[in-house]
Structure formats: structure tokens, C-alpha cells
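Student: Fold the following.
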Amino acid sequence: MTEVQPLFRHILGEAWDRLPPPIRQLHSTTSVATYSGRCTVIQGGNPIARAVTAFVGFPKGGSDLPITVKLSVGDYGERWVRTVADRTFSSTHRLAKGRSAGLIRERFGPIAVDMALVLQGPRLCYAIRRWSLLGIPMPLWLGPRTNASESVDAEGRFRFDIKLWHPFIGLLVHYAGWLVPA
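Tutor: Numbering: from 1, shown residues only. Have a look, this model is predicted:
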């Protein structure tokens, strides 16, 4: 029987061992895992940004909000279901193929982004390399932007900091906080 290798470990290869243990732990899920914590959410003020974030299900703005993240693994890859306060949104992660081989593909409904996983010291960062809408490859200059990273705080907790914006719309959403195994 072949051992299931965690998706992020597969993509990162030897760099996996340089990740701090709390980041490796979260990305080592091979079946189901739940994490909980607290976060702050800033929503973009542009009406189009608000419509986009509502469509995707991104959380509303607020400070010190409860967050729960359920990760499940199946033939589809990894499904991440995030609940922030009373708003739930999800995405799937899988190994990208073709021109994007070696990248991770995250899909939010009709939008898919192919990202490189980059270690910057003890942080894991995500860099968008390609994106598509309804399965149609789109020009990178027309797509969303992100500053997304994972790190470990002084208490040893997994930290995330995700900022999404669009060059024509401005800030979509910025959410940051910490998680521990539930």
C-alpha cells in the first residue's frame, strides 16, 4: 500500500524540512483535521470589491473574530472550509498540471489561481503565477494579487496573513490571525 504524501510536502520537496513544525503539522493532513483560532478581517470599501467578496463568501470585517478551518483530503485534493464568525467560505488545493506543474492550484468557485510556494526564512509565502476564470486562462496583469504568508508566532501558533486585492478594484479582503489544532 502506498503512503499518501501531504500535498504541500510533495510540492516543496526538500524545502519541506525547513518549515517550522506548526506549519508542517497543518499541511500534513492526509484525511481530516480541524483548527481554530482568532483573526482580524478588513474588507475592501469599493462596492465591486464587496460584491466579489460576498460572491466568494469571504468574511465580513471585524477584529478578534473566531475562525475554524476544516481540512479534508480526497481525490479532489485538499478542501479547506473556513468559518469566520458567521460566514463560511471554501476552496480546494491540488497539484497544478501542464504549464503550471510544480505549483499549487487553489480554486474558489469559478476562479483558479496557480501559485508557487516560496520559503522566505521561516515563512511560507504564496506567489500567484497564473490564473483562470471559468477554466479559461486569463492574462496575469488582469488578475487578482496577493500577499499571503504563513509563519509561527512567539507562542508557537500557526499564523496566517492573507491580503487579496485587484489592480482595478483595490483591496478585496485582508485577513490575518492564528490557528491551533482544535
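
Student: Tell me which stretches of this structure form helices.
Tutor: For the chain, the helices defined by DSSP state H occupy 7-12, 21-26, 47-56.

Student: could you list every residue that touches the closest residue to P144 other than its chain neighbours?
Tutor: In space, and not counting its chain neighbours, P144 is closest to H166: 5.4 Å by C-beta to C-beta, 6 or more residues apart in numbering. From N, CA and C alone the C-beta is placed, and that goes for glycine too. Contacts for H166 (C-beta atoms under 8 Å, 6 or more residues apart in numbering) come out as 49, 52, 143-145, 172.

Student: try it again with 10 Å
Tutor: Contact partners of H166, counting by C-beta atoms under 10 Å, 6 or more residues apart in numbering, are 44, 46, 48-49, 52, 142-145, 172.

Student: Ok, M138 next?
Tutor: Neighbouring residues of M138 by C-beta under 10 Å, 6+ apart: 111-112, 130-132, 144.

Student: helices and strands of this protein: which one bottoms out on pLDDT?
Tutor: Among the helices and strands of the chain, helix 47-56 carries the lowest confidence by mean pLDDT, DSSP states H and E, at a mean of 89.

Student: tell me which residues of it are tucked away?
Tutor: 49-50, 52-53, 56 (16 or more other C-beta atoms under 10 Å).

Student: Setting aside sequence neighbours, what's the nearest residue to G177?
Tutor: C39 (2.7 Å).

Student: what about the one you found, how many neighbours?
Tutor: 23 (other C-beta atoms under 10 Å).

Student: Please name the bridge partners of the nearest residue to P137 once chain neighbours are set aside.
Tutor: Using C-beta to C-beta, 6+ apart and skipping the chain neighbours, the partner closest in space to P137 is R130 (6.8 Å). With DSSP bridges applied, R130 shows beta-bridge pairing to D114.

Student: what are the ranges of the strands in the chain?
Tutor: With DSSP state E, the ranges of strands along the chain come out as 32-43, 62-74, 77-84, 87-95, 104-108, 111-120, 123-133, 136-138, 145-152, 158-166, 170-181.

Student: and these as CSV, adding mean pLDDT and distance to Q5?
Tutor: Putting those into CSV (pLDDT from 0 to 100; distance: least, C-beta to C-beta, whole Å) gives the following:
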stretch, mean pLDDT, distance to Q5
strand 32-43, 97, 16
strand 62-74, 96, 11
strand 77-84, 95, 12
strand 87-95, 94, 11
strand 104-108, 94, 14
strand 111-120, 95, 15
strand 123-133, 96, 17
strand 136-138, 95, 28
strand 145-152, 97, 19
strand 158-166, 97, 20
strand 170-181, 97, 20
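
Student: how about these, which one is nearest G13?
Tutor: For the strands of the chain, proximity to G13 was assessed by C-beta to C-beta; strand 111-120 is nearest, at 10.1 Å.
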